[in-house]
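Q: no sequence for this one, just the structure:
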């Protein structure tokens, strides 16, 4: 089966600019997650979707970050405006159910550099 | 707030040696995941532990879960260079990851 697709792979923007990331989960996976991984740290959950509904966005900085999952398939994560501390790898993961018995499948990530 | 602590954070091993990585978490959970991450790469699922006393093995790696102690271990047997990577545990509640253990296996 195809894996979790993310684009772009790399993005460099200036602070205060906007940026968007795209994720296409594994076909049929109802649960989708966005994580932020700062260099040298473990991934931090930003938002979790179940189909097209938000399950948990408690760690999403809502003043600048937004995410949507239209039609319960693809998802986009947006940052507006970006700050230097947003430099990180943004990972998308999907699972057939919450806490899937086979774990979560991660995409390759988008590496964001804010200058 | 759920906290997930891994130790050690850095581990340098000689090939052929054994060692254990520990993952402690602060609230009850019935499942725990171990992932591997190579530099510049995404995360690869290694083990899913679904109940107290669960033990899983794959090659030179063996993971176990003690939900009463809120502890999971990842044991490395006779380490080889190919195992060099960062290993993360993640607890299902809130999908919280530990900080990772950066393992280097030296010849």
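A: Everything's here; your move. Computed from a predicted model, the values in this text were never measured in an experiment.

Q: Just give me the neighbour total for the closest residue in space to residue A:83 that isn't next to it in sequence.
A: Nearest non-adjacent residue to residue A:83, counting by CB to CB, 6 or more residues apart in numbering or on different chains: residue A:15, 5.9 Å away. Bear in mind the C-beta positions are built from the backbone N, C-alpha and C, glycine included. Burial of residue A:15 is recorded as 13 neighbouring residues (other CB atoms under 10 Å in any protein chain shown).

Q: How about residue B:12?
A: So residue B:12, with other CB under 10 Å, has 12 neighbours.

Q: go on, residue B:13?
A: Applying other CB under 10 Å, we find 18 other residues in the vicinity of residue B:13.

Q: Pretty sure it sits against residue B:103.
A: Yes. When contacts are counted by CB atoms under 8 Å, residue B:13 is listed as touching residue B:103 (6.8 Å).

Q: Quickly list what's touching both of the two.
A: B:76, B:79 (CB atoms under 8 Å, 6 or more residues apart in numbering or on different chains).

Q: Do you know the pLDDT at residue A:1?
A: Reading off the confidence values, residue A:1 has pLDDT 63.

Q: roughly how far apart are the residue nearest to the spatial centre of chain A and residue A:96?
A: Computing the C-alpha centroid of chain A and ranking residues by CA atoms, centre = their mean puts residue A:34 first, at 2.9 Å. To residue A:96, residue A:34 is 18 Å away according to CB to CB, to the nearest Å.

Q: One more: residue A:87?
A: 32 Å.

Q: Can you tell me the element residue A:20 falls in?
A: strand A:19-24 (DSSP states H and E).

Q: Close to chain B: what parts of chain A are there?
A: Residues of chain A found near chain B (CB under 8 Å from any CB of the partner chain) are A:33, A:41-45, A:48, A:56, A:91, A:93, A:99-109.

Q: Would you write out the PyMOL command that picks the buried residues out of those?
A: Typed into PyMOL, the line below selects the buried ones among the residues of chain A next to chain B, using 16 or more other CB atoms under 10 Å in any protein chain shown:
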select buried, chain A and resi 33+42+43+44+45+48+56+91+93+99+100+103+104+105+106+107+108+109
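
Q: Can you list which of the residues of chain A next to chain B are found in strands?
A: A:33, A:44-45, A:48, A:56, A:91, A:93, A:105-106 (DSSP state E).

Q: As a markdown table, these with pLDDT would be great.
A: Output for those, formatted as a markdown table (pLDDT from 0 to 100):
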| residue | pLDDT |
| --- | --- |
| A:33 | 93 |
| A:44 | 95 |
| A:45 | 93 |
| A:48 | 93 |
| A:56 | 90 |
| A:91 | 97 |
| A:93 | 94 |
| A:105 | 90 |
| A:106 | 94 |
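
Q: re the thing from before, what sits closest to the residue nearest to the centre of chain A if chain neighbours are left out?
A: residue A:46 (4.5 Å).

Q: what residues are up against the one you found?
A: Taking CB under 8 Å, 6+ apart as the test, what residue A:46 contacts is A:33-36, A:57, A:59-60, A:65, A:67, A:77.

Q: returning to what we had before: what residues does the residue nearest to the centre of chain A make contact with?
A: Taking CB under 8 Å, 6+ apart as the definition, contacts of residue A:34 comprise A:23, A:45-47, A:67, A:75, A:77, A:90-92.

Q: cool, and residue A:84?
A: A:15, A:114-115.
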